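Chemist: got a predicted structure plus its sequence, pasted below:
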Amino acid sequence: MRKTAPISAALLALGLTACSGGADDGATTELVLQTNWTSAGTESKPLKDALASFTEKTGITVKVLENGDDLNQVYETSLLAGEEADVLLVGLLEKQLDWAKNGAVVDVADYVDEWGLTDAIPAAALADWTDSEGSLRGFPYAGFTWPWWYNTALLEEAGLEVPTTNDELIATTDRLRELGYGGIATGGNDWSGQKLFLQYIQTYMTPEETVKVFAEGRTCSSPAAMKGIEEFVRLRDAGVFVDGVEGLTSDQASALYLTGKALSSPMGSWAYQGTDAGIASTTYLGGMPVAPGSTATKPLAYNGSTSAGWWISPNGAKKLDAVRKLVEHMFSTDVMSSMVVGGTVMATDVTLDVSKVESPLLQQSFTDLPGRVQWAVMPDLHVPADVSNPMYRATSIAFTKGNDAKTVCAMVDETYDAAR
């Protein structure tokens, strides 16, 4: 909080000026875009092509500033100096959750209808991007799916089908172990295993209960959360996860699946494009098998609309006519389609034609996955930023055999208590 409070104070006047309508007179010739979509990503070429066509159409050039994980820090530093980029293309997580509240970006709620974006952005995505004060932080642009990947070649070798219940999962992983293969691979020591653990926690909770527990903790005093942890412990002790899962990173876990050594790994849509064609052709995208008595009726998987959005800074609010032209251009059907087909971007616009998508996994994600799974509550919008990373230790303990449900819930709750 010490890092964000000065931003709020320093930008109060700027925020009021921006919100009072500091639109440019149409004379803007350059916009500055800051993004974490780097040149190494699949999104880079269609993004650059779209910006080039925008310049050709309007005469407005777009200077691109690429940043990695340090984007929010770089932006906030430039913001305090009044030298921030005009627009940002970045996801919604951690510090960004409070940017609209502290004046770091402009509330764009009034522009959705005014700029003709209502049909291009689903209501659920707008809800995800709206903060507790009713401000729309940015225009949702790209989302994600985070299914469980199943290797059907291994299943065929074992004479089995994709498991859809936990008891089937136990039987399947037992058989595959006999054949020399691992079960579920995840990074038990980092963010990937944390997300999977939090998927299990919500097994017996309603979405409303899940949001409350994610936001506040107190898992030990929630009977439904405890039941989910107990089911997780049952599966762990039954051996459904790969050996040594508690010490694995996301990259190590993914490698086990992508080299055909594990039955399954929960991985996001960001991994679709780089997957070997052989593995992609034998991968079935599904979800976490259903537990006995679960509130879920289908296997669970994550999805969301928070991978990337267009944000307007106080500087950008002074060039609003030009920013509007850029945003309208980037949300046009042609540009959005190029992002999906050429950049394997999971667009939030679900009305786009995806028939030309060449990636088999992305195509499967668009066409088959939604009917196979039930969407779980994504933790990122609800777990406090100062709890998320410290929870990795609790996650590793959860994946370590010998720790019962009470030990696990106590470690999770300690993480929340330390951040209060």
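Modeler: Happy to help now that I have it. These numbers come from a predicted model, not from an experiment. Numbering: from 1, shown residues only.
Chemist: can we go C-alpha only for contacts and neighbour counts from here?
Modeler: Noted.
Chemist: hey, where'd the helices end up in the stretch 151-300 of the chain?
Modeler: Listed in chain order, the helices of the stretch 151-300 of the chain (DSSP state H, counting those that start in this stretch) span residues 152-158, 166-178, 191-201, 207-216, 223-238, 250-258, 277-281.
Chemist: first-to-last residue distance for stretch 110-125?
Modeler: End-to-end distance of stretch 110-125 (CA to CA, to the nearest Å): 16 Å.
Chemist: mind listing what's buried in it?
Modeler: V112, L117, A120, I121, P122, A125 (16 or more other CA atoms under 10 Å).
Chemist: which among those residues gets closest to F366?
Modeler: Of all those, F366 sits closest to P122, with 15.4 Å by CA to CA.
Chemist: A347 is in contact with the closest one, correct?
Modeler: No. Here P122 does not reach A347: they are 10.5 Å apart, not a contact under CA atoms under 8 Å.
Chemist: how about low-confidence regions in the protein?
Modeler: Counting by pLDDT under 70, the chain contains low-confidence residues at 1-26, 350.
Chemist: ranges for the helices of the stretch 1-150 of the chain?
Modeler: Counting by DSSP H, counting those that start in this stretch, the stretch 1-150 of the chain has helices at residues 5-19, 44-58, 71-80, 111-114, 123-128.
Chemist: wait, which of those helices is closest to D98?
Modeler: helix 5-19 (10.0 Å).
Chemist: could you pull out the strands for the stretch 201-350 of the chain?
Modeler: Assigned by DSSP state E, counting those that start in this stretch, the stretch 201-350 of the chain shows strands spanning 262-266, 283-286, 300-312, 346-347.
Chemist: R236: which of those is closest?
Modeler: Of all those, strand 262-266 sits nearest to R236, with 14.6 Å by CA to CA.
Chemist: sorry, back to before: now the buried residues of stretch 110-125 as TSV including distance to G286?
Modeler: Formatted as TSV, the buried residues of stretch 110-125 follow (distance: CA to CA, whole Å):
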residue	distance to G286
V112	34
L117	31
A120	27
I121	25
P122	23
A125	22
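Chemist: closest to T186 out of those?
Modeler: Closest to T186, out of all of the buried residues of stretch 110-125 and judged by CA to CA, is A125, at 27.5 Å.
Chemist: contacts only, for the residue nearest to the closest one when sequence neighbours are not counted.
Modeler: Nearest residue to A125 in three dimensions, chain neighbours excluded: S305, at 5.5 Å (CA to CA, 6 or more residues apart in numbering). By CA atoms under 8 Å, 6 or more residues apart in numbering, the contact set of S305 is A125, D128, P140, Y141, A142, G143, F144, T348.
Chemist: can you list the domains in this protein?
Modeler: Following automatic domain parsing, the chain resolves into domains at 5-144+305-365, 148-267+384-419.
Chemist: and of the ones you listed, who's closest to P289?
Modeler: Closest approach to P289 among those is made by domain 148-267+384-419 (4.4 Å; CA to CA).
Chemist: hang on, the earlier thing: select, out of the domains of the chain, the one closest to G278.
Modeler: So among these, domain 148-267+384-419 is nearest, using CA to CA, at 9.5 Å.
Chemist: how far off centre is that closest one?
Modeler: Relative to its parent chain, domain 148-267+384-419 has a centroid offset of 18 Å by CA atoms, centre = their mean, to the nearest Å.
Chemist: what is the neighbour count of D174?
Modeler: D174 has 17 neighbouring residues, counting by other CA atoms under 10 Å.
Chemist: same question, A238
Modeler: Residues lying near A238 (other CA under 10 Å) number 15.
Chemist: quick one: contacts for the closest residue to it other than its chain neighbours?
Modeler: Residue nearest to A238 in three dimensions, not counting chain neighbours: I170, with 6.7 Å by CA to CA, 6+ apart. With contact set as CA under 8 Å, 6+ apart, I170 has these partners: L235, A238, G239, V240.
Chemist: circling back to that earlier point, just the helices of the stretch 151-300 of the chain: most buried one?
Modeler: Ranked by mean neighbour count, the helices of the stretch 151-300 of the chain are led by helix 191-201 with a mean of 23 (mean count of other CA atoms under 10 Å).
Chemist: can you give me the angle it makes with strand 262-266?
Modeler: Relative orientation of helix 191-201 versus strand 262-266 (axes from the mean of the first three to the mean of the last three CA atoms, to 10 degrees): 80 degrees.
Chemist: what helices or strands is helix 191-201 leaning on?
Modeler: Here helix 191-201 touches helix 223-238, helix 250-258, helix 391-398, going by 3 or more CA pairs under 8 Å, 6 or more residues apart in numbering; DSSP states H and E.
Chemist: so which of the strands of the stretch 201-350 of the chain is the most packed in?
Modeler: strand 262-266 (a mean of 28).
Chemist: can you list the strands that that one pairs with?
Modeler: Strand 262-266 has its sheet partners listed here by DSSP bridges as strand 148-151 (antiparallel), strand 182-184 (parallel).
Chemist: can you list contacts of that strand?
Modeler: Residues from elsewhere that reach strand 262-266 (CA under 8 Å, 6+ apart): 146-151, 154-155, 173, 176, 181-186, 196, 242, 253-254, 256-257.
Chemist: again, but for stretch 388-397
Modeler: 188-191, 193-194, 197, 246-247, 403, 408, 411-412, 415.
Chemist: change it to 6 Å
Modeler: The set of residues external to stretch 388-397 that reach it, using CA atoms under 6 Å, 6 or more residues apart in numbering, is G188, N189, D190, Q194, E246, M411, V412.
Chemist: stretch 91-102 too?
Modeler: S8, V105, R137, T306, S307, A308, G309, A385.
Chemist: since that was my last question, I'll sign off now.
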